[in-house]
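**Q** Give me a 3D structure for the following:
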Amino acid sequence: MHMERRPQRSLLKASVAGFVLGAVMAGLCTYFFFLPSSQMPRVVRESDFASSTGYEFTDPLITVSTGSANSPDYAALQAQVQDYLNKQEQTGGLASASVRFSDIEATESFTINPDEEYDPASLTKIPLAMAYYDLAESDPSVLSQTIYYSGTPDLDANEQIESSTQLTPGQTYTVEEMIEHMIKYSDNNAEQLLADHLSQIGQLNVLSTLYDDLGIEPDTSTPDNTTVGSYSLFLRVLFNATYLDRDYSEQLLQLLSEGDFAQGIRAGVPSSVPVAEKFGDARIPNAQGVQVGAELQNCGIIYYPDHPYILCIMTKGASVADLEQTIAGVSKLIYQNVSAHYPQG
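**A** Residues are numbered from 1 along each chain as shown. From the prediction side, this is the model:
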């Protein structure tokens, strides 16, 4: 990590961010890994000190206490998910899948197929939005800058998953409006225009610094360059509000919760439970460029009451429809298990 490259951050904020990111990448250190569940450390967050903060999607990490906490054992769940994926592969609709699950409050997690790499596709829209919000912390006017959309080319014309809400050709949008379209409706035209604008104002380094700070180094020479573990870091720092300030972290997660993609992770969770998620889909071509398969990635934070969790599922298979079903099935299994660990009422 290279947090010293961000001089505009306060020392306290940089220190907290460094601690959180280091803890995440080390699995809250090897010591925690060997502790029995009855002695697992307890996460202390801002919500532990305030009954109401006015924030719905973020809960900054304060510390990890030495006191023990009741920590669920998710080994059986991991085996159950692996068995489900094996059965999906046997049907022929699924070629490969990776799953990263993190119980945020219990600091428990598991990863299935952690080294498999996937095309992030539209998942790259979250870090691009983060780069703009990062700029806005020192210069809020960046969000009011305007971008014109001519309508050509239309990068959404041949999408496998297309939103009914599109940018209007010939209209000018603010950066903030473009971010909303990019995140809520996964608009590829908005993403390209925002990326171009970031370059035009000479701030592409903000995006590369974000990846550097999180220790993520994708191999851009190949489309498949993202793992479930590395991508989950973006969601982790947004929930903890340790990279962006809390207001911008909250704003981005709220946009993610308002997306119109109802398949995948959302389909496995009751509609009453908020889900801040992003999907990305890609085509798999053969040597002649003909599509022979698809990829679908879906990562998000599921706000199960008092026990939110991060879930990142990346898949390759025959079709987007097959992969949507697989992701929804994994999401449902995990939700049922978490709700059994933490029954409500």
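
**Q** Against His341, how distant is Glu191?
**A** According to Cβ to Cβ, to the nearest Å, Glu191 and His341 sit 37 Å apart. From N, CA and C alone the C-beta is placed, and that goes for glycine too.

**Q** Apologies, that question was intended for Ser186.
**A** Counting by Cβ to Cβ, the gap from Ser186 to His341 is 32 Å.

**Q** which one of the two has more residues nearby?
**A** Neighbours per residue (other Cβ atoms under 10 Å) separate Ser186 from His341, with Ser186 holding more: 26 against 18.

**Q** In this structure that one contacts Glu258, no?
**A** No - applying Cβ atoms under 8 Å, one finds Ser186 not in contact with Glu258, separated by 12.0 Å.

**Q** shaky segments in the chain?
**A** 1-43, 50-52, 63-71, 345 (pLDDT under 70).

**Q** Repeat the analysis, applying 50 as the threshold.
**A** 1-39, 66-69 (pLDDT under 50).

**Q** How about the residue in it that sits furthest from its center?
**A** Gln288 (32.8 Å; Cα atoms, centre = their mean).

**Q** helix/strand/coil for that residue?
**A** coil (DSSP: H, G, I helix; E, B strand; the rest coil).

**Q** What residues sit buried inside stretch 246-259?
**A** 246, 248-257, 259 (16 or more other Cβ atoms under 10 Å).

**Q** Just those residues: which are in helices?
**A** 246, 248-257 (DSSP state H).

**Q** want to throw those residues into TSV with distance to Asn225?
**A** What follows is these, written out as TSV (distance: Cβ to Cβ, whole Å):
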residue	distance to Asn225
Arg246	30
Tyr248	26
Ser249	25
Glu250	29
Gln251	28
Leu252	23
Leu253	25
Gln254	28
Leu255	25
Leu256	22
Ser257	27
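
**Q** Which one of the buried residues of stretch 246-259 is nearest to Ser102?
**A** Checking these against Ser102 with Cβ to Cβ, the nearest one is Leu253 at 15.4 Å.

**Q** residues contacting the closest one?
**A** Contact analysis of Leu253 by Cβ atoms under 8 Å, 6 or more residues apart in numbering lists 57-58, 238-239, 276, 301.
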